[in-house]
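In: the sequence and its predicted three-dimensional model are supplied below.
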Amino acid sequence: MNVTATELKHRLGRYLEVAQVEPVVIEKSGRVTSVVLSKRRYDQLCELEDMFWDLQARTAEQEGFMSDSEIRELLQARA
């Protein structure tokens, strides 16, 4: 669901309820600026990210440690 920042401001309670079921995309001046998610979904995404980086670390250990340039590339991709 997409809403404007003004609409969100006027009906925050409604969109907080919607966010429990689906993400609410916030637009300001015609551009997407933010997304409101339920805490449950946010926690799921954080857990997935942790799993991803754990897998990356395990893979690096199995293949040997990464060079300095590989570490820089990985950190830049994460940013």
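Out: Received the coordinates, thanks.

In: next SSE downstream of the helix or strand containing Gln62?
Out: Here Gln62, judged by DSSP states H and E, is contained in helix 39-63. Beyond helix 39-63 in the direction of the C-terminus, DSSP H and E gives the next helix or strand as helix 68-78.

In: list phi and psi for the residue of the chain positioned farthest from its centre.
Out: Summary for the chain: using CA atoms, centre = their mean, the residue whose C-alpha lies farthest from the chain's mean C-alpha position is Gly64, with a distance of 29.5 Å. Here the main-chain torsion angles of Gly64 (degrees, to the nearest 10) amount to phi 100, psi 160.

In: ok, it to Leu55 distance?
Out: Taken as CB to CB, to the nearest Å, the spacing of Gly64 relative to Leu55 amounts to 16 Å. For every residue, glycine as well, the C-beta is placed using N, CA and C.

In: likewise Gln44?
Out: To Leu55, Gln44 is 17 Å away according to CB to CB.

In: ok so, going back, who's in contact with the helix holding Gln62?
Out: Counting contacts by CB atoms under 8 Å, 6 or more residues apart in numbering, the residues outside helix 39-63 that touch it are 20, 23, 37, 66, 74.

In: buried stuff in the host helix or strand of Lys9?
Out: With elements taken from DSSP H and E, the one containing Lys9 is helix 5-10. For helix 5-10, a neighbour-count test (16 or more other CB atoms under 10 Å) marks Leu8 as buried.

In: which other helices and strands contact that helix?
Out: Where contact means 3 or more CB pairs under 8 Å, 6 or more residues apart in numbering; DSSP states H and E, helix 5-10 is packed against strand 24-28.

In: tell me the angle the least confident helix or strand in the chain by mean pLDDT makes with helix 39-63.
Out: When the helices and strands of the chain are compared on mean pLDDT, DSSP states H and E, helix 68-78 comes out lowest with a mean of 85. Per axes from the mean of the first three to the mean of the last three CA atoms, to 10 degrees, the angle that helix 68-78 makes with helix 39-63 is 170 degrees.
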